[in-house]
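*Asks:* Provided below for reference: sequence and predicted model.
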Amino acid sequence: MSANDVNLFNETCFKCSEVITRQYSTSFSNGIRALDERFRYPVYAIYGYVRYADEIVDTFHEHDKQRLIADFRKATFEAIDTGISINPVLQAFQQVVNRYHIQTELIDAFLRSMERDLHQTSYDAEGYQQYIYGSAEVVGLMCLRVFCEGDDAMYNKLLPYARSLGAAFQKVNFLRDVKDDLQSRGRVYFPGVSFANFCKADKQQIEADIREDFRKALIGIKLLPRGARLGVYIAYVYYFRLFKKICDIPAEVILQQRIRIPDAIKMLLYFKAIMRQKLNLL
């Protein structure tokens, strides 16, 4: 296979990850589109990888999900070790892992959280933190490895902020998806919470925790390299708007419907974010 053939293969693999991202998330697609071009394919590759792992545990109910996630784990590390996979999602992901030296510990923690979704339906405080770390914070850290481009000092400085952003996103997802998680999968992620008696005080306590994660995350976003800042900020404002909408809704309503932000509002937020960057307010 010539170098041109390999480049075509790799280009196709990254495009597959881009398509996956666009199909599953307008929020992240818009954010990635606002990144500097050199960051887009790597972040698409990370999103495509974590999206498909999540699909295994949340969607393929008619299949042996335990075997599928075990095969996915095995194929992931084989691809990383050998530097090749004929699975386009894994091929794109292994290239990013190897190029940006994404730590094995992050990938292992992510897969362990996905595996927990196959058998665990409730969490104590320690388990909740472990799940948040593995399912979301490490994804932020993988992206941070890309944005820092080998600058370990910058990575270590921004690490706690990236973790806060991932945690905020995931906790908002939990609140948004309470109905589906509870009714379809029997899951309750928040420790010490019973949705049979979910009240205003329970909801406000969770929201206070998320608000603090968002506060810390915004500090870190403003310290990101310029080519990454706008894209990450756009994802932040989408999720923060969703969070504020959830805050304004009574506790019983989030048990009955999935809250979302209309695409028209997302576009308005998108252009406002661009304007903030142009005015050097970001």
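*Replies:* Here it is on my side, so go on.
*Asks:* Check which residues of the one helix or strand residue 271 maps to are buried.
*Replies:* Assigned by DSSP states H and E, residue 271 belongs to helix 263-278. Residues of helix 263-278 classed as buried by neighbour count (16 or more other C-beta atoms under 10 Å): 266, 269, 270, 273. Every residue, glycine included, has its C-beta placed from N, CA and C.
*Asks:* do the same with stretch 200-209
*Replies:* By 16+ other C-beta under 10 Å, the buried positions in stretch 200-209 come out as 202, 203, 206, 207.
*Asks:* Just confirm the first one is within a helix.
*Replies:* Think residue 202. Yes: under DSSP: H, G, I helix; E, B strand; the rest coil, residue 202 sits within a helix.
*Asks:* May I have the residues that are in contact with it?
*Replies:* Counting by C-beta atoms under 8 Å, 6 or more residues apart in numbering, residue 202 touches 193, 251.
*Asks:* Could you give the backbone dihedrals for residue 122?
*Replies:* Note on residue 122: its backbone torsions stand at phi -150, psi 160 [degrees, to the nearest 10].
*Asks:* got the contact list for it?
*Replies:* Counting by C-beta under 8 Å, 6+ apart, residue 122 touches 187, 188, 191.
*Asks:* can you pull out the helices in this structure?
*Replies:* In the chain, the helices defined using DSSP state H lie at 3-24, 26-33, 37-58, 65-82, 88-100, 104-116, 125-132, 138-148, 152-176, 178-185, 200-221, 226-247, 251-254, 263-278.
*Asks:* Compare the ones you listed and say which comes out lowest on pLDDT.
*Replies:* Mean pLDDT is lowest for helix 178-185 out of these, coming in at a mean of 86.
*Asks:* Okay, the closest residue in space to residue 31 that isn't next to it in sequence and residue 241: tell me how far apart.
*Replies:* Setting aside the residues directly before and after it, residue 31 is nearest to residue 235 in space (C-beta to C-beta, 6 or more residues apart in numbering), at 3.7 Å. Using C-beta to C-beta, to the nearest Å, residue 235 is found at 11 Å from residue 241.
*Asks:* Those two: who's more crowded?
*Replies:* For residue 235 versus residue 241, neighbours defined as other C-beta atoms under 10 Å are more numerous around residue 235 (22 against 16).
*Asks:* Touching, the more buried one and residue 29? I think so.
*Replies:* No: assessed by C-beta atoms under 8 Å, residue 235 is found out of contact with residue 29, at 9.8 Å.
*Asks:* re the thing from before, tabulate the contacts of residue 122 (JSON lines), appending neighbour count and distance to residue 262.
*Replies:* Putting the contacts of residue 122 into JSON lines (neighbours: other C-beta atoms under 10 Å; distance: C-beta to C-beta, whole Å) gives the following:
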{"residue": "187", "neighbour count": "19", "distance to residue 262": "27"}
{"residue": "188", "neighbour count": "19", "distance to residue 262": "28"}
{"residue": "191", "neighbour count": "14", "distance to residue 262": "32"}
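*Asks:* Quick one: the residues you listed as a markdown table, columns for distance to residue 252 and pLDDT too.
*Replies:* Output for these, formatted as a markdown table (distance: C-beta to C-beta, whole Å; pLDDT from 0 to 100):
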| residue | distance to residue 252 | pLDDT |
| --- | --- | --- |
| 187 | 19 | 89 |
| 188 | 16 | 92 |
| 191 | 21 | 94 |
